[in-house]
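Colleague: Dropping the sequence and predicted coords here.
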Amino acid sequence: MARDDRIARAKAASREARAPTPAKRGPLLARTRNLKMARSAHAYVRGSTVKFYDWLEARPSSLPSGPPVWICGDCHLGNLGPLASATGDVDIQIRDLDQTVVGNPAHDLIRLGLSLACAARGSDLPGVITAQMMEAMVDGYEDALAGDFEAEASHPPMIGAVVREAERRTWKHLAADRLRGAQPVIPIGRRFWPITRTERDEIEAICASDPVRALVTSLKSRSKKDDIRMLDAAYWVKGCSSLGRLRFAVLLEVAGGGDAPGICFLDIKEAIKAAAPRDRDAAMPRDNAERVVAGALALSPHLGQRMASGRLLDKAVFVRELMPQDMKLEIVGLAPAQAMDAARALAGVVGHAHGRQMDGAARKAWIADLSRNRSGALDAPSWLWSSVVDLVAVHEAAYLEHCRRYALGLGQD
(Lines give C-alpha, C1' and ligand atoms only; values in the text may rest on other atoms or scores of the structure.)
Protein backbone atom coordinates (compact mmCIF):
# COMPACT_ATOMS: atom_id res chain seq x y z
CA MET A 1 0.00 0.00 0.00
CA ALA A 2 1.36 3.43 -0.95
CA ARG A 3 2.36 5.74 1.89
CA ASP A 4 -0.23 8.38 0.86
CA ASP A 5 -3.00 5.77 0.92
CA ARG A 6 -1.96 4.59 4.38
CA ILE A 7 -1.99 8.18 5.68
CA ALA A 8 -5.43 8.85 4.14
CA ARG A 9 -6.88 5.69 5.66
CA ALA A 10 -5.37 6.45 9.04
CA LYS A 11 -6.89 9.93 9.02
CA ALA A 12 -10.28 8.53 8.00
CA ALA A 13 -10.12 5.96 10.81
CA SER A 14 -9.24 8.70 13.29
CA ARG A 15 -12.18 10.86 12.18
CA GLU A 16 -14.56 7.90 12.46
CA ALA A 17 -13.31 7.08 15.94
CA ARG A 18 -14.00 10.66 17.07
CA ALA A 19 -17.49 10.81 15.52
CA PRO A 20 -20.38 10.52 18.00
CA THR A 21 -22.39 7.37 18.54
CA PRO A 22 -26.15 7.62 17.91
CA ALA A 23 -26.80 7.96 21.64
CA LYS A 24 -24.60 11.08 21.75
CA ARG A 25 -25.94 12.75 18.60
CA GLY A 26 -28.74 14.70 20.28
CA PRO A 27 -26.73 17.12 22.46
CA LEU A 28 -24.18 17.76 19.71
CA LEU A 29 -26.89 18.46 17.14
CA ALA A 30 -28.66 20.84 19.52
CA ARG A 31 -25.41 22.71 20.17
CA THR A 32 -24.67 22.88 16.44
CA ARG A 33 -28.16 24.22 15.73
CA ASN A 34 -27.90 26.86 18.43
CA LEU A 35 -24.52 28.05 17.19
CA LYS A 36 -25.75 28.17 13.60
CA MET A 37 -28.67 30.33 14.68
CA ALA A 38 -26.26 32.65 16.50
CA ARG A 39 -24.25 33.47 13.38
CA SER A 40 -26.56 36.30 12.31
CA ALA A 41 -30.07 37.65 12.76
CA HIS A 42 -30.97 36.17 9.39
CA ALA A 43 -29.65 32.76 10.43
CA TYR A 44 -31.82 33.02 13.54
CA VAL A 45 -34.88 33.68 11.36
CA ARG A 46 -34.10 30.58 9.31
CA GLY A 47 -33.95 28.39 12.40
CA SER A 48 -37.02 29.71 14.23
CA THR A 49 -39.95 28.60 12.08
CA VAL A 50 -42.08 27.40 14.98
CA LYS A 51 -41.56 30.66 16.87
CA PHE A 52 -42.41 32.62 13.72
CA TYR A 53 -45.91 31.16 13.67
CA ASP A 54 -46.29 31.59 17.44
CA TRP A 55 -45.42 35.28 17.10
CA LEU A 56 -47.61 35.69 14.02
CA GLU A 57 -50.60 34.16 15.78
CA ALA A 58 -50.11 36.48 18.77
CA ARG A 59 -50.26 39.64 16.63
CA PRO A 60 -53.53 41.56 17.10
CA SER A 61 -54.04 42.53 13.45
CA SER A 62 -55.80 40.08 11.16
CA LEU A 63 -54.40 38.86 7.85
CA PRO A 64 -56.31 38.39 4.61
CA SER A 65 -57.51 34.88 3.94
CA GLY A 66 -55.98 34.12 0.59
CA PRO A 67 -57.21 31.20 -1.51
CA PRO A 68 -56.15 27.92 0.12
CA VAL A 69 -53.21 26.52 -1.84
CA TRP A 70 -50.08 24.58 -1.07
CA ILE A 71 -47.65 27.03 0.53
CA CYS A 72 -43.98 26.61 1.41
CA GLY A 73 -44.64 27.37 5.07
CA ASP A 74 -40.99 28.37 5.58
CA CYS A 75 -40.47 30.80 2.72
CA HIS A 76 -37.13 32.43 3.55
CA LEU A 77 -34.32 33.25 1.13
CA GLY A 78 -32.29 30.15 1.94
CA ASN A 79 -35.17 27.98 0.76
CA LEU A 80 -35.14 29.41 -2.77
CA GLY A 81 -32.56 28.51 -5.38
CA PRO A 82 -31.73 26.71 -8.64
CA LEU A 83 -33.18 23.22 -8.99
CA ALA A 84 -32.82 20.73 -11.81
CA SER A 85 -35.78 18.85 -13.20
CA ALA A 86 -35.69 15.14 -13.99
CA THR A 87 -34.78 16.08 -17.57
CA GLY A 88 -32.02 18.51 -16.56
CA ASP A 89 -33.82 21.84 -16.98
CA VAL A 90 -32.77 24.39 -14.35
CA ASP A 91 -34.82 27.16 -12.78
CA ILE A 92 -35.23 28.99 -9.47
CA GLN A 93 -37.86 27.25 -7.36
CA ILE A 94 -38.62 26.58 -3.69
CA ARG A 95 -36.06 24.02 -2.51
CA ASP A 96 -37.24 23.05 0.99
CA LEU A 97 -40.81 21.92 1.64
CA ASP A 98 -40.61 20.46 5.16
CA GLN A 99 -43.28 22.90 6.38
CA THR A 100 -45.54 22.76 3.35
CA VAL A 101 -49.31 22.69 3.94
CA VAL A 102 -52.45 23.77 2.16
CA GLY A 103 -52.80 27.14 3.81
CA ASN A 104 -52.89 30.91 3.50
CA PRO A 105 -50.45 32.28 0.87
CA ALA A 106 -50.15 35.45 2.97
CA HIS A 107 -47.98 33.46 5.39
CA ASP A 108 -45.37 32.85 2.68
CA LEU A 109 -45.37 36.56 1.80
CA ILE A 110 -44.77 37.62 5.40
CA ARG A 111 -42.02 35.02 5.93
CA LEU A 112 -40.31 36.10 2.70
CA GLY A 113 -40.69 39.78 3.64
CA LEU A 114 -39.11 39.13 7.04
CA SER A 115 -36.22 37.26 5.40
CA LEU A 116 -35.66 40.07 2.87
CA ALA A 117 -35.73 42.69 5.63
CA CYS A 118 -33.12 40.76 7.62
CA ALA A 119 -30.96 40.40 4.49
CA ALA A 120 -31.19 44.16 3.95
CA ARG A 121 -30.07 44.80 7.52
CA GLY A 122 -27.24 42.33 7.08
CA SER A 123 -26.14 44.29 3.98
CA ASP A 124 -26.25 47.54 6.00
CA LEU A 125 -28.92 49.04 3.75
CA PRO A 126 -31.00 51.97 5.06
CA GLY A 127 -34.56 51.43 6.24
CA VAL A 128 -36.04 53.18 3.22
CA ILE A 129 -34.56 50.44 1.02
CA THR A 130 -36.33 47.81 3.11
CA ALA A 131 -39.63 49.62 2.51
CA GLN A 132 -38.92 49.76 -1.21
CA MET A 133 -38.03 46.04 -1.18
CA MET A 134 -41.48 45.28 0.25
CA GLU A 135 -43.04 47.26 -2.60
CA ALA A 136 -40.89 45.44 -5.16
CA MET A 137 -41.75 42.11 -3.56
CA VAL A 138 -45.49 42.73 -3.90
CA ASP A 139 -45.04 43.96 -7.48
CA GLY A 140 -43.14 40.82 -8.43
CA TYR A 141 -45.66 38.55 -6.72
CA GLU A 142 -48.67 40.21 -8.37
CA ASP A 143 -47.00 40.22 -11.79
CA ALA A 144 -46.34 36.49 -11.45
CA LEU A 145 -49.96 35.81 -10.46
CA ALA A 146 -51.19 37.69 -13.53
CA GLY A 147 -48.52 36.36 -15.90
CA ASP A 148 -48.00 33.44 -18.26
CA PHE A 149 -47.26 30.30 -16.26
CA GLU A 150 -45.84 28.53 -19.30
CA ALA A 151 -43.40 31.29 -20.30
CA GLU A 152 -39.68 30.87 -19.68
CA ALA A 153 -38.59 32.63 -16.49
CA SER A 154 -36.64 35.87 -16.78
CA HIS A 155 -34.24 36.70 -13.96
CA PRO A 156 -32.23 39.84 -13.11
CA PRO A 157 -28.45 39.65 -13.75
CA MET A 158 -27.48 38.66 -10.21
CA ILE A 159 -29.89 35.71 -10.08
CA GLY A 160 -29.44 34.82 -13.76
CA ALA A 161 -25.71 34.40 -13.11
CA VAL A 162 -26.49 31.84 -10.41
CA VAL A 163 -28.77 29.91 -12.78
CA ARG A 164 -26.04 29.84 -15.44
CA GLU A 165 -23.52 28.62 -12.88
CA ALA A 166 -25.91 25.86 -11.84
CA GLU A 167 -26.41 24.79 -15.46
CA ARG A 168 -22.65 24.27 -15.86
CA ARG A 169 -22.30 22.03 -12.82
CA THR A 170 -21.57 18.30 -13.16
CA TRP A 171 -21.24 15.30 -10.86
CA LYS A 172 -17.64 16.33 -10.12
CA HIS A 173 -18.91 19.59 -8.60
CA LEU A 174 -21.45 17.76 -6.45
CA ALA A 175 -18.78 15.29 -5.30
CA ALA A 176 -16.38 18.13 -4.50
CA ASP A 177 -19.06 19.92 -2.47
CA ARG A 178 -20.43 16.93 -0.60
CA LEU A 179 -17.77 14.22 -0.71
CA ARG A 180 -14.48 16.12 -0.95
CA GLY A 181 -13.52 14.10 -3.98
CA ALA A 182 -14.84 12.16 -6.93
CA GLN A 183 -14.67 8.75 -5.23
CA PRO A 184 -18.08 7.31 -4.22
CA VAL A 185 -17.26 7.29 -0.52
CA ILE A 186 -18.86 9.47 2.15
CA PRO A 187 -16.10 11.01 4.32
CA ILE A 188 -16.77 10.49 8.01
CA GLY A 189 -16.00 13.62 10.00
CA ARG A 190 -17.66 16.86 10.95
CA ARG A 191 -20.51 16.73 8.41
CA PHE A 192 -21.04 12.96 8.16
CA TRP A 193 -21.21 10.58 11.11
CA PRO A 194 -21.12 6.77 11.16
CA ILE A 195 -24.38 4.83 11.36
CA THR A 196 -25.36 1.66 13.18
CA ARG A 197 -25.91 -1.74 11.61
CA THR A 198 -29.66 -1.35 12.19
CA GLU A 199 -29.68 2.02 10.44
CA ARG A 200 -27.72 0.61 7.53
CA ASP A 201 -30.09 -2.35 7.16
CA GLU A 202 -33.13 -0.09 7.14
CA ILE A 203 -31.54 2.31 4.65
CA GLU A 204 -30.77 -0.61 2.34
CA ALA A 205 -34.39 -1.75 2.67
CA ILE A 206 -35.88 1.63 1.78
CA CYS A 207 -33.46 2.01 -1.14
CA ALA A 208 -34.69 -1.33 -2.46
CA SER A 209 -38.35 -0.35 -2.10
CA ASP A 210 -40.49 0.18 -5.18
CA PRO A 211 -40.96 3.97 -4.70
CA VAL A 212 -37.22 4.64 -4.35
CA ARG A 213 -36.34 2.24 -7.18
CA ALA A 214 -38.85 4.05 -9.40
CA LEU A 215 -37.33 7.38 -8.34
CA VAL A 216 -33.68 6.62 -9.06
CA THR A 217 -34.39 4.81 -12.33
CA SER A 218 -36.64 7.58 -13.64
CA LEU A 219 -33.78 10.07 -13.89
CA LYS A 220 -30.98 10.31 -16.44
CA SER A 221 -32.61 7.82 -18.84
CA ARG A 222 -32.00 4.89 -16.53
CA SER A 223 -33.89 1.63 -16.96
CA LYS A 224 -36.30 0.19 -14.42
CA LYS A 225 -34.43 -3.11 -14.85
CA ASP A 226 -31.09 -1.63 -13.78
CA ASP A 227 -29.33 -3.12 -10.77
CA ILE A 228 -29.19 -0.89 -7.70
CA ARG A 229 -26.53 -1.33 -5.02
CA MET A 230 -25.86 0.79 -1.94
CA LEU A 231 -22.23 1.91 -1.83
CA ASP A 232 -22.15 3.96 1.35
CA ALA A 233 -24.36 5.74 3.89
CA ALA A 234 -23.84 8.12 6.80
CA TYR A 235 -25.75 10.32 9.21
CA TRP A 236 -25.82 13.83 7.69
CA VAL A 237 -25.30 16.86 9.93
CA LYS A 238 -27.15 19.31 7.72
CA GLY A 239 -29.71 22.10 7.95
CA CYS A 240 -30.65 24.33 10.85
CA SER A 241 -34.22 24.04 12.12
CA SER A 242 -34.22 20.37 11.07
CA LEU A 243 -31.09 19.41 13.02
CA GLY A 244 -32.00 16.66 15.44
CA ARG A 245 -34.27 14.79 13.04
CA LEU A 246 -33.13 11.69 11.18
CA ARG A 247 -31.05 12.68 8.16
CA PHE A 248 -28.93 10.34 6.06
CA ALA A 249 -26.73 10.71 3.00
CA VAL A 250 -26.67 7.64 0.74
CA LEU A 251 -24.65 6.74 -2.32
CA LEU A 252 -26.19 4.24 -4.74
CA GLU A 253 -24.77 2.64 -7.83
CA VAL A 254 -27.22 2.12 -10.68
CA ALA A 255 -25.91 -0.25 -13.35
CA GLY A 256 -27.53 -2.07 -16.23
CA GLY A 257 -27.46 -2.69 -19.95
CA GLY A 258 -24.32 -1.43 -21.68
CA ASP A 259 -24.11 1.88 -19.86
CA ALA A 260 -21.38 2.78 -17.41
CA PRO A 261 -22.52 2.60 -13.76
CA GLY A 262 -24.17 5.77 -12.50
CA ILE A 263 -23.83 7.17 -8.99
CA CYS A 264 -26.87 8.53 -7.15
CA PHE A 265 -26.57 10.80 -4.11
CA LEU A 266 -29.72 10.43 -2.00
CA ASP A 267 -30.87 12.64 0.86
CA ILE A 268 -33.17 10.82 3.31
CA LYS A 269 -34.87 13.15 5.79
CA GLU A 270 -37.39 12.67 8.57
CA ALA A 271 -40.72 14.41 8.05
CA ILE A 272 -42.52 15.81 11.09
CA LYS A 273 -45.73 17.73 11.68
CA ALA A 274 -45.66 21.16 10.06
CA ALA A 275 -45.69 24.29 12.22
CA ALA A 276 -47.46 26.27 9.49
CA PRO A 277 -51.23 26.39 10.05
CA ARG A 278 -53.25 24.43 7.52
CA ASP A 279 -56.62 25.27 6.00
CA ARG A 280 -59.24 23.46 8.07
CA ASP A 281 -61.17 22.24 5.07
CA ALA A 282 -58.14 21.18 3.02
CA ALA A 283 -57.59 17.58 2.04
CA MET A 284 -53.95 16.68 2.72
CA PRO A 285 -52.10 13.39 3.22
CA ARG A 286 -52.04 12.42 6.88
CA ASP A 287 -48.56 10.94 6.53
CA ASN A 288 -46.05 13.79 6.89
CA ALA A 289 -43.66 12.46 4.25
CA GLU A 290 -46.48 12.09 1.73
CA ARG A 291 -47.53 15.66 2.60
CA VAL A 292 -44.05 16.97 1.82
CA VAL A 293 -43.93 15.17 -1.53
CA ALA A 294 -47.42 16.40 -2.48
CA GLY A 295 -46.47 19.98 -1.59
CA ALA A 296 -43.27 19.72 -3.58
CA LEU A 297 -45.10 18.51 -6.68
CA ALA A 298 -47.50 21.46 -6.42
CA LEU A 299 -44.98 24.19 -5.59
CA SER A 300 -41.67 23.01 -7.07
CA PRO A 301 -42.18 20.48 -9.86
CA HIS A 302 -38.43 20.23 -10.49
CA LEU A 303 -37.96 18.95 -6.95
CA GLY A 304 -41.21 17.03 -6.58
CA GLN A 305 -40.32 14.85 -9.57
CA ARG A 306 -37.22 13.70 -7.69
CA MET A 307 -38.84 12.76 -4.39
CA ALA A 308 -40.48 9.72 -2.83
CA SER A 309 -41.91 8.98 0.60
CA GLY A 310 -41.38 5.98 2.85
CA ARG A 311 -40.67 4.82 6.39
CA LEU A 312 -37.36 4.25 8.13
CA LEU A 313 -36.83 3.28 11.78
CA ASP A 314 -40.62 3.58 12.18
CA LYS A 315 -40.56 7.24 11.14
CA ALA A 316 -41.98 8.97 8.07
CA VAL A 317 -39.17 10.03 5.75
CA PHE A 318 -38.89 11.49 2.28
CA VAL A 319 -36.13 10.68 -0.17
CA ARG A 320 -34.75 12.87 -2.92
CA GLU A 321 -31.91 12.44 -5.35
CA LEU A 322 -29.57 15.41 -5.24
CA MET A 323 -28.50 16.89 -8.55
CA PRO A 324 -25.33 18.91 -9.22
CA GLN A 325 -27.47 21.87 -10.30
CA ASP A 326 -29.22 22.15 -6.91
CA MET A 327 -27.80 25.23 -5.20
CA LYS A 328 -28.64 27.52 -2.33
CA LEU A 329 -29.18 31.12 -3.37
CA GLU A 330 -26.87 33.31 -1.27
CA ILE A 331 -28.11 36.91 -1.01
CA VAL A 332 -25.37 38.87 0.77
CA GLY A 333 -23.70 42.25 0.33
CA LEU A 334 -26.62 43.69 -1.63
CA ALA A 335 -26.51 47.07 -3.30
CA PRO A 336 -29.87 48.93 -3.30
CA ALA A 337 -30.68 48.13 -6.94
CA GLN A 338 -29.77 44.46 -6.43
CA ALA A 339 -31.94 44.33 -3.31
CA MET A 340 -34.95 45.57 -5.27
CA ASP A 341 -34.29 43.17 -8.15
CA ALA A 342 -33.88 40.22 -5.80
CA ALA A 343 -37.09 41.04 -3.91
CA ARG A 344 -39.10 41.34 -7.12
CA ALA A 345 -37.65 38.21 -8.75
CA LEU A 346 -37.87 35.90 -5.74
CA ALA A 347 -41.41 37.01 -4.92
CA GLY A 348 -42.18 36.20 -8.54
CA VAL A 349 -40.96 32.64 -7.98
CA VAL A 350 -43.34 32.32 -5.03
CA GLY A 351 -46.15 33.95 -7.03
CA HIS A 352 -45.73 31.39 -9.80
CA ALA A 353 -45.71 28.55 -7.27
CA HIS A 354 -48.94 29.80 -5.69
CA GLY A 355 -50.64 30.94 -8.88
CA ARG A 356 -50.19 27.66 -10.75
CA GLN A 357 -52.61 26.13 -8.26
CA MET A 358 -55.37 28.76 -8.69
CA ASP A 359 -57.90 29.22 -11.45
CA GLY A 360 -58.25 32.59 -13.13
CA ALA A 361 -61.03 33.81 -10.85
CA ALA A 362 -59.09 32.92 -7.69
CA ARG A 363 -55.96 34.67 -8.96
CA LYS A 364 -57.94 37.80 -9.84
CA ALA A 365 -59.63 37.88 -6.43
CA TRP A 366 -56.32 37.38 -4.61
CA ILE A 367 -54.68 40.20 -6.57
CA ALA A 368 -57.62 42.43 -5.65
CA ASP A 369 -57.18 41.50 -1.97
CA LEU A 370 -53.48 42.39 -2.16
CA SER A 371 -54.37 45.78 -3.67
CA ARG A 372 -56.45 46.74 -0.64
CA ASN A 373 -55.14 48.29 2.59
CA ARG A 374 -52.42 50.33 0.95
CA SER A 375 -51.49 53.77 2.21
CA GLY A 376 -50.42 56.65 0.03
CA ALA A 377 -46.90 56.45 1.48
CA LEU A 378 -46.29 52.74 0.81
CA ASP A 379 -47.34 50.70 -2.20
CA ALA A 380 -47.55 47.46 -0.23
CA PRO A 381 -50.41 46.13 1.93
CA SER A 382 -50.37 47.61 5.41
CA TRP A 383 -50.80 44.16 7.00
CA LEU A 384 -47.62 42.97 5.26
CA TRP A 385 -45.55 45.99 6.28
CA SER A 386 -46.76 46.05 9.87
CA SER A 387 -46.20 42.29 10.23
CA VAL A 388 -42.64 42.53 8.90
CA VAL A 389 -41.80 45.55 11.08
CA ASP A 390 -43.13 43.88 14.23
CA LEU A 391 -41.47 40.56 13.47
CA VAL A 392 -38.09 42.17 12.70
CA ALA A 393 -38.17 43.83 16.12
CA VAL A 394 -39.24 40.65 17.91
CA HIS A 395 -36.69 38.50 16.08
CA GLU A 396 -33.87 40.96 16.75
CA ALA A 397 -34.53 40.87 20.50
CA ALA A 398 -34.93 37.08 20.48
CA TYR A 399 -31.75 36.70 18.46
CA LEU A 400 -29.68 38.71 20.94
CA GLU A 401 -31.09 36.70 23.83
CA HIS A 402 -30.34 33.49 21.92
CA CYS A 403 -26.71 34.59 21.48
CA ARG A 404 -26.42 35.38 25.19
CA ARG A 405 -27.79 31.96 26.16
CA TYR A 406 -26.05 29.73 23.65
CA ALA A 407 -23.05 31.40 22.05
CA LEU A 408 -21.51 33.75 24.61
CA GLY A 409 -18.07 32.45 25.48
CA LEU A 410 -18.36 29.42 23.21
CA GLY A 411 -17.33 30.93 19.90
CA GLN A 412 -18.95 29.93 16.63
CA ASP A 413 -18.14 26.89 14.51
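Modeller: That came in fine, so what should we check first?
Colleague: From here on, just use CA atoms for contacts and neighbour counts.
Modeller: Will do.
Colleague: What segments of the chain are strands?
Modeller: 69-71, 80-84, 90-94, 101-103, 192-193, 227-236, 247-255, 262-270, 307-312, 315-321, 374-375, 378-381 (DSSP state E).
Colleague: which helices and strands sit right next to the first one?
Modeller: The elements that strand 69-71 packs onto, with contact taken as 3 or more C-alpha pairs under 8 Å, 6 or more residues apart in numbering; DSSP states H and E, are strand 101-103, helix 105-122, helix 288-299, helix 336-355.
Colleague: For the ones you listed, give me JSON lines that also has mean neighbour count and mean pLDDT.
Modeller: As requested, the helices and strands packed on strand 69-71 are exported to JSON lines (neighbours: other C-alpha atoms under 10 Å; pLDDT from 0 to 100):
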{"stretch": "strand 101-103", "mean neighbour count": "25", "mean pLDDT": "97"}
{"stretch": "helix 105-122", "mean neighbour count": "24", "mean pLDDT": "92"}
{"stretch": "helix 288-299", "mean neighbour count": "24", "mean pLDDT": "97"}
{"stretch": "helix 336-355", "mean neighbour count": "24", "mean pLDDT": "93"}
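Colleague: For Pro194, find the nearest of these.
Modeller: The closest of those to Pro194 is helix 288-299. By C-alpha to C-alpha, the value is 24.2 Å.
Colleague: Show me what that closest one is packed up against.
Modeller: strand 69-71, helix 301-304, strand 307-312, strand 315-321, helix 336-355.
Colleague: Using the record's domain definitions, break the protein down for me.
Modeller: In the assignment given by automatic domain parsing, the structural domains of the chain cover 29-167+329-406, 173-321.
Colleague: Can you lay out those domains as a markdown table showing distance to Pro22?
Modeller: A markdown table is the format used below for the domains of the chain (distance: least, C-alpha to C-alpha, whole Å):
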| stretch | distance to Pro22 |
| --- | --- |
| domain 29-167+329-406 | 11 |
| domain 173-321 | 7 |
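Colleague: Minimum distance to Ala19: which of those has it?
Modeller: Of these, the one closest to Ala19 (C-alpha to C-alpha) turns out to be domain 173-321, at 5.8 Å.
Colleague: that older thread, right, and the helices and strands packed on strand 69-71 - which one's nearest Ser48?
Modeller: Among the helices and strands packed on strand 69-71, the nearest to Ser48 by C-alpha to C-alpha is helix 105-122 (11.1 Å).
Colleague: Report all helices and strands that that closest one contacts.
Modeller: Packing partners of helix 105-122 (3+ C-alpha pairs under 8 Å, 6+ apart): helix 41-46, strand 69-71, helix 127-146, helix 336-355, helix 382-406.
Colleague: Between the strands of the chain, which has the poorest mean confidence score?
Modeller: Among those, strand 374-375 carries the lowest mean pLDDT, a mean of 72.
Colleague: about what we covered before: need the strands of the chain in a markdown table (columns: distance to Lys24).
Modeller: Formatted as a markdown table, those follow (distance: least, C-alpha to C-alpha, whole Å):
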| stretch | distance to Lys24 |
| --- | --- |
| strand 69-71 | 35 |
| strand 80-84 | 32 |
| strand 90-94 | 33 |
| strand 101-103 | 33 |
| strand 192-193 | 11 |
| strand 227-236 | 13 |
| strand 247-255 | 15 |
| strand 262-270 | 18 |
| strand 307-312 | 20 |
| strand 315-321 | 20 |
| strand 374-375 | 52 |
| strand 378-381 | 48 |
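Colleague: can you pull up the bridge partners for Trp236?
Modeller: Phe192 (DSSP bridges).
Colleague: do you know how far it is from Gly189?
Modeller: In this view, Trp236 and Gly189 are 10 Å apart by C-alpha to C-alpha, to the nearest Å.
Colleague: Neighbour count: those two, which is higher?
Modeller: More crowded of Trp236 and Gly189, by other C-alpha atoms under 10 Å: Trp236, with 23 against 19.
Colleague: re earlier: out of the helices and strands packed on helix 105-122, which one sits most buried?
Modeller: Per residue and on average, the most neighbours among the helices and strands packed on helix 105-122 fall to strand 69-71, with a mean of 26 (mean count of other C-alpha atoms under 10 Å).
Colleague: can you list the residues that contact that one?
Modeller: In this structure, residues lying in contact with strand 69-71 by C-alpha atoms under 8 Å, 6 or more residues apart in numbering are 100-105, 108, 295, 298-299, 354, 357-358.
Colleague: Ok, which of the helices and strands packed on helix 105-122 comes nearest Ala282?
Modeller: Closest to Ala282 of those is strand 69-71 (C-alpha to C-alpha; 8.7 Å).
Colleague: For the chain, which residue occupies the most central location?
Modeller: Residue closest to the mean C-alpha point of the chain, counted by C-alpha atoms, centre = their mean, is Asp96 at 2.6 Å.
Colleague: who's in contact with that one?
Modeller: 72, 74, 79-80.
Colleague: With distance to Leu112 and neighbour count added, can I get those residues in CSV?
Modeller: Formatted as CSV, these follow (distance: C-alpha to C-alpha, whole Å; neighbours: other C-alpha atoms under 10 Å):
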residue, distance to Leu112, neighbour count
Cys72, 10, 31
Asp74, 8, 30
Asn79, 10, 18
Leu80, 10, 20
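Colleague: Relative to Ile203, which of those residues is nearest.
Modeller: Distance to Ile203, by C-alpha to C-alpha, is smallest for Asn79 among the contacts of Asp96, at 26.2 Å.
Colleague: pretty sure the closest one contacts Gln99?
Modeller: No - look at Asn79 against Gln99 with C-alpha atoms under 8 Å: they stay out of range, at 11.1 Å.
Colleague: any idea how far Val50 lies from Ala343?
Modeller: Using C-alpha to C-alpha, Val50 is found at 24 Å from Ala343.
Colleague: ok, Gly81 - contacts?
Modeller: Contacts of Gly81 (C-alpha under 8 Å, 6+ apart): 91-95, 326-329.
Colleague: Ok, Phe149 next?
Modeller: Counting by C-alpha under 8 Å, 6+ apart, Phe149 has contacts 352, 356.
Colleague: per-residue pLDDT, it?
Modeller: Listed pLDDT for Phe149 reads 79.
Colleague: Backbone dihedrals for it, both of them.
Modeller: Note on Phe149: its backbone torsions stand at phi -80, psi -10 [degrees, to the nearest 10].
Colleague: Also Val185?
Modeller: phi -140, psi 130.
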